[in-house]
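**Student:** attaching a predicted model along with its sequence, questions to come.
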Amino acid sequence: MATRSISSRIGAVLAAPVIWLARLLNLPLKWWQGMTGTGGMAAFFLAPNMAIFGIFVLLPLVINFAYSMTSGQALFLSDRSYVGGEQYARLMDCGNYLDPTTCREDLFWIALRNTALFVVVQVSMMTVVAMITALILNREIRGRGFWRAVFFFPVLLSPVVVGLIWRWILQREGLLNFILYNVGLEPHVWLTDRFYSFVATVGVSVWAHMGFYTLILLAGLQAIPRDLYEAAEMDGTRAGRVFWRITLPLLMPNLLVVIVLALIRAVQIFDEAYVLTGGGPGTSTLYLTQYIYEVGFASLLRNPGLAAAASIIMGLILVVLTLIQLGLGRRNEKAGERK
Amino acid sequence: MNGTKRVLGASFAALLSASAVQAGDVRLMWYSDGVEGEVIQDLLNRFMEENPDINVTLDNVAYKVIMEQLPIQLESGEGPDIARVTNIKELANHWLDLRPLLSDPAYWDTNFGDQFDWMRPDGSDAIPGFLTQLTLTGGFANQTLFEQAGVEMPGEGATWDDWIAASAEVMQSQQTPAAFAIDRSGHRISGPNVSYGANYIGPDGMPAPVDDGTKTFATKLVDWTNEGLMLKDTWVAAAGSTYRAAADDFINAQIPFYYSGSWQVANLSSKIGDGFDWVATGSPCGTAGCSGLKGGAALVAVKYTKNQDDVVKVMEYLSREDVVKEFSERTLFLPAHKGVIEKGGLNWVTEDKNVGPALDAFVKASSETLPAADALPAWVWGNAYYGALVTRISQVMAGEMSLDDAWVRIDQDIADKVAQGN
Amino acid sequence: MSRVAEFLTRRRGGSGWDWTDIFTWVWLIAGIFVMFGPAVWLVLSSFKTPAALAEFPPTVLPMATEQVMVEGYDNPLELYSVSMPDGSEQVLAQVRRVGTIAQMVDPDAPDEIVKVNIAERTPQRRVAFATENYVVPLEQNDFLLYLRNSVFVTVMATIITLLTNSMAAFALSKYRFRGRDGVMLLIVATLMVPLSVILVPLYSVVNAVGLFDSLWGVILPTVATPTGVFLLRQYMLTIPDELLDAARMDHASEWQIYWRIILPLAAPALAVLAIFSIVWRWNDFLWPLVVLSRKELYTLQVGLNTYAGELNVQWHYILAMTVVTMIPVVLVFVFLQRYITAGIAGSGLK
């Protein structure tokens, strides 16, 4: 209770000037509303956000697209030379699309393949783990707030810190090998092993973000009416059947949000993996964003044109994936309504 | 909306006042591997006492900033007044020519002249700055491990094969995870490559295709990795041209032999302490010689400065013989100042008995570098070559491609960079 | 004791344990170790000396070798436990080490030097926290300045985010106008662009509007978060239109409707966005690193990275400063965590 009153008092103090400002604004805005009607008000409400959005999100995207048609190292578009689709052609120059080593930009294709594999494995693992955790946190256990905090906690850490912590744990002389050594098991050099490195990037990214998805699912679970379960219990329905017939269908919208968001984030995987494995061993955990970052920004002879082209291709893949998912979701919804 | 406007107005005003340059202000962008940030701050404080009208601000930054942010800043005609930089050749067009501004350019030519080509465009006679430290790649051996194993340490003129064979014996006897490691960096393996007869620079000054010298040593490296002699972690556990040092493994007595460079001396000294005895071995020999590779970080003046006069004063102060000497003695870096080197008698500020001989060994080894290695720091495509080598050779080590494919890829990567850079 | 037992065995139904109860507790207990363990390890490691950090096998707690003052020696000597040739164990102080032979003395009889093979001795250690990892960077750097900058960026960015995003979300959820779906689609589409991909173009934009090397250059590009608009809009859709119509009947202006009806009703969603915005902006690293180059403007995350050099990284300082930067975020979470579930629960994501 003490914390609640303190935080609400802090809130009141912080809110005071805002409220005062809001009152002050009312008069000129009323005049504006009179002049332009509600349509003008919509424009007014949208304006600040869209102005910032336009300058700092949309404009860079447009420039990025323009970059992808130019070559050279120059920073400003006006200093760059137009090459049309050459960068795209270079990325797409492949002897055989299934074998990255036949491609001119082999690293791009390797990164693409790794990212695809990562997305499939990570999103399914994330969904399952978050689902199990949400189901467990939805049970009547003591200290639910505490347990929720336990699983949410890593969401607060910066990705760089996450990568760092786990590198210290997984490296040859790290904590995990120390534990294995002490319980009499054979230590393993995890980060030079292709399979384990991949598993590590998947596991660590699930570790870092599952708390967020768990909460979305938990919110959905708590919105399912209790009497549905009670009715099922009276009918003597088995727990597994209850989950498949009641919980899962009613949770579908939340699950969809989880999958879409997890997917978008998985395609963008960068910081944690970059700090953890640096893309190695070899190129087995080299993901798209790292490729783009290194080509366009971090290498000594930057190639922003090629990086931009790669990012446009990546964006297209994302849009297609999302549309497919939303389409699937809508079909499900419609099927649900018909029932 | 006037609230927002006021906020914006105030912020823009703050912005303008922040970016207005005041006379007497000099900004120095600096990165640190160890204590050199503190040392330079001390030296600058003394300078400011002597020159109360000049205010030097030291911006300590991550090395990442120097590599990634500074180039784009410079390209938009901005940046600090002075910076400590390592990719001095690629950015040479952005440096200020101090020659017409210095009170005694002859002093600079005599003492720092050998390295000016590393930091100015080809054919220019500019004086852009000076090296804060000279570095030289070279090996370190864990003397205690060798003694415990009863293995004789290879002496003068020993080849890479000799060193690896001896280290392998130590590894067998002392059960270390590997015999040796080299930092994951194209720069680090270029000295050894040259020792086996490599020459990266073609007759036209452009990158030459990968030659037999490079192939010989790179093949050895891959073999040593496959045989478990070279520590796998350093090279294999990263992609691209990411830098990874194996210093911690040497410090931890996990490898008897470690090939890195003179800059590690301070680091080894502080972390090994009394753990074991170590020595600097210089560079093992190949068929063509026993070459390491020189390098270093330079302090350069940026030509977009609005405060040339004060910048020159700061540069003249920091390049003074006594200041350079003190800086080297306290940071345990090799000085690049000819006068300081020739007079010798540097009083290394350390209690560690391993440090003095190690630094002396590096000074001695610096006379054994081959011409093909000495040409590299002043060669504009050096870093493109190093990056391609690391990227592809570590892919071979990871079993992703064959050596023959790697040579083709390396040539292709470098050609792409050249096409991109022109 | 019985209360603890009661707490630990508390479960769903009244009847006996079934496998789901066991699974639940296994999952939860494992969760504690897996979720907190790494962070605890980070905190403990941040108190280790550079030498101890590089050590393998690592110790769980930060350790240091014990030292004693021995008569006749100016500096304190390190204590080792030595297995003597006669099989006994003895604690000796090391005078110096030459190669594989250590010269040691008995602290109680300091005159006689004993020569010991270094394989025969192990250091006597005790727990010691290397607090200098914290003290040195805090003194050396303008830590307070970095803290102020971080707080400024986080607070300003969060306020602007809440204000602009909620206004936009209001327009997008409660007004019908041409192009509304287009705007919405645009916003959702940009959810998919990671910053690291448009670093160069964004830099050139920020540079062109004169925001390079200014805290506003850090703040503004991050505030128009598509996520925020999306989240708030979904939540506001659940607010019934009838409330708005009733207010309009009472001659409330649209602005009043926004700040007297919509904002209070959207409070849980705003709280969620606030928490995320605080966490994101506080942890932002790559972008501030690109935009800021003068140390007066450094945020904490940029400041702590000055210990990452070209050839060496001073991990002991980085770890310690990482722990320091984690503290405020954890505090914010502790104070606001009850809003998180409430907010997400109601945010129309159901």
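**Tutor:** Nice, I can see it.

**Student:** going by C-alpha atoms from here, please, whenever you check contacts or count neighbours.
**Tutor:** Will do.

**Student:** for the residue nearest the centre of chain A, grab phi and psi.
**Tutor:** For chain A, the residue nearest the mean C-alpha position is residue A:265 (2.1 Å; C-alpha atoms, centre = their mean). Backbone torsions for residue A:265, taken as degrees, to the nearest 10, come to phi -70, psi -40.

**Student:** likewise residue B:307?
**Tutor:** phi -140, psi 50.

**Student:** count the neighbours of residue B:261 for me.
**Tutor:** By the criterion of other C-alpha atoms under 10 Å in any protein chain shown, residue B:261 has 25 neighbours.

**Student:** helix or strand for residue 146, which one?
**Tutor:** Since you didn't name a chain, this refers to chain A. Under the criterion of DSSP states H and E, residue A:146 resides in helix A:144-152.

**Student:** could you do chain C instead?
**Tutor:** Assigning secondary structure by DSSP H and E places residue C:146 in helix C:143-174.

**Student:** give the next helix or strand downstream of that helix.
**Tutor:** For helix C:143-174, the succeeding helix or strand toward the C-terminus, using DSSP H and E, is helix C:180-190.

**Student:** how about the CA coordinates for the helix or strand just after that next one, as CSV?
**Tutor:** Scanning forward in sequence from helix C:180-190 by DSSP H and E, the next helix or strand is helix C:199-208. The C-alpha trace of helix C:199-208 is given here as CSV (Å, rounded to 0.1, in the frame of the first residue of the first chain):
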residue,chain,number,x,y,z
LEU,C,199,21.7,3.9,-39.7
VAL,C,200,23.4,5.8,-42.5
PRO,C,201,20.3,7.5,-44.0
LEU,C,202,19.0,8.4,-40.6
TYR,C,203,22.4,9.9,-39.8
SER,C,204,22.3,12.0,-42.9
VAL,C,205,18.8,13.3,-42.0
VAL,C,206,19.7,14.1,-38.4
ASN,C,207,22.8,15.8,-39.6
ALA,C,208,20.9,17.8,-42.2
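
**Student:** which parts of chain B sit against chain A?
**Tutor:** Within chain B, the positions lying close to chain A (C-alpha under 8 Å from any C-alpha of the partner chain) are B:1, B:3, B:67-68, B:72, B:75-76, B:232-233, B:236-240, B:242, B:383-384, B:394-400, B:417, B:420-422.

**Student:** ok, which stretches of the stretch 201-350 of chain C are helices?
**Tutor:** Counting by DSSP state H, counting those that start in this stretch, the stretch 201-350 of chain C has helices at residues C:215-223, C:226-237, C:241-249, C:254-256, C:263-265, C:267-283, C:286-291, C:300-304, C:315-346.

**Student:** and chain A, by the same measure?
**Tutor:** A:2-53, A:59-67, A:86-92, A:106-137, A:144-152, A:159-170, A:175-182, A:194-223, A:226-234, A:239-242, A:248-267, A:271-276, A:288-293, A:304-338 (DSSP state H).

**Student:** neighbouring contacts of the second one?
**Tutor:** Yep, that's helix A:59-67 we're talking about. With C-alpha atoms under 8 Å, 6 or more residues apart in numbering or on different chains as the test, helix A:59-67 has contacts from A:77, A:304-305, A:308-309, A:312, C:198, C:201-202, C:205.

**Student:** same thing but at 6 Å, please
**Tutor:** Helix A:59-67 is contacted by residues A:305, A:308, C:201-202 when judged by C-alpha atoms under 6 Å, 6 or more residues apart in numbering or on different chains.

**Student:** what comes up buried for it?
**Tutor:** Under the neighbour-count criterion of 16 or more other C-alpha atoms under 10 Å in any protein chain shown, helix A:59-67 has A:60-61, A:63-67 buried.

**Student:** now do that helix: distance to the chain's middle.
**Tutor:** 22 Å (C-alpha atoms, centre = their mean, to the nearest Å).

**Student:** how big is the angle separating that helix from helix C:199-208?
**Tutor:** Here helix A:59-67 runs at an angle of 120 degrees relative to helix C:199-208 (axes from the mean of the first three to the mean of the last three C-alpha atoms, to 10 degrees).

**Student:** kindly report the same for the last one.
**Tutor:** Between the direction of helix A:304-338 and that of helix C:199-208, the angle (the same axes, to 10 degrees) works out to 110 degrees.

**Student:** quick one: mean pLDDT for helix A:304-338?
**Tutor:** Averaged across helix A:304-338, the pLDDT comes to 75.

**Student:** got the buried residues for it?
**Tutor:** By neighbour count with 16+ other C-alpha under 10 Å, helix A:304-338 contains the buried residues A:304-312, A:314-315, A:318-319, A:322, A:325, A:329.

**Student:** average pLDDT for stretch B:122-132, rounded please.
**Tutor:** Computed over stretch B:122-132, the average pLDDT equals 90.

**Student:** what does the domain assignment say about the chain?
**Tutor:** Reading this off chain A. Following the assignment in automatic domain parsing, chain A carries domains at A:2-67, A:103-338.

**Student:** oops, chain C please
**Tutor:** Under the assignment automatic domain parsing, the domains of chain C span C:2-45, C:63-127, C:133-346.

**Student:** write out the residues of chain A neighbouring chain C.
**Tutor:** Within chain A, the positions adjacent to chain C are A:42, A:45-46, A:48-49, A:53, A:56, A:60, A:63-64, A:136, A:140, A:158, A:173, A:178, A:219-220, A:254 by C-alpha under 6 Å from any C-alpha of the partner chain.

**Student:** now, of the residues you listed, which are buried?
**Tutor:** Listed as buried from these are A:42, A:45-46, A:48-49, A:53, A:56, A:60, A:63-64, A:136, A:158, A:173, A:178, A:219-220, A:254; burial here means 16+ other C-alpha under 10 Å.

**Student:** what's stretch A:154-165 in contact with?
**Tutor:** Under C-alpha under 6 Å, 6+ apart, the answer for stretch A:154-165 is A:208-209, A:271-272, A:275-276, C:283.

**Student:** for the record, mean pLDDT for that stretch?
**Tutor:** Here stretch A:154-165 scores 84 as its mean pLDDT.

**Student:** quick one: end-to-end length of it, please.
**Tutor:** End-to-end span of stretch A:154-165 (C-alpha to C-alpha, to the nearest Å): 11 Å.

**Student:** what about residue C:96, distance to residue C:103?
**Tutor:** Note on residue C:96: its distance to residue C:103, by C-alpha to C-alpha, is 5 Å.

**Student:** with residue A:57 instead?
**Tutor:** Separation of residue A:57 from residue C:103 (C-alpha to C-alpha): 68 Å.

**Student:** one more: residue C:41?
**Tutor:** Distance of residue C:41 to residue C:103, given as C-alpha to C-alpha: 36 Å.

**Student:** which one of the two is surrounded by more residues?
**Tutor:** The neighbour comparison of residue C:41 against residue C:103 (other C-alpha under 10 Å) goes to residue C:103, with 19 against 16.

**Student:** how much space separates the more buried one from residue B:253?
**Tutor:** For residue C:103, the distance to residue B:253 - C-alpha to C-alpha - is 21 Å.

**Student:** next: residue C:211.
**Tutor:** Taking C-alpha to C-alpha, one finds residue C:211 at 49 Å from residue B:253.

**Student:** of all the helices of the stretch 201-350 of chain C, which one is nearest chain B?
**Tutor:** Among these, the nearest to chain B by C-alpha to the nearest C-alpha is helix C:286-291 (5.5 Å).

**Student:** hmm, who's touching that closest one?
**Tutor:** B:69, C:212-213, C:218, C:302.
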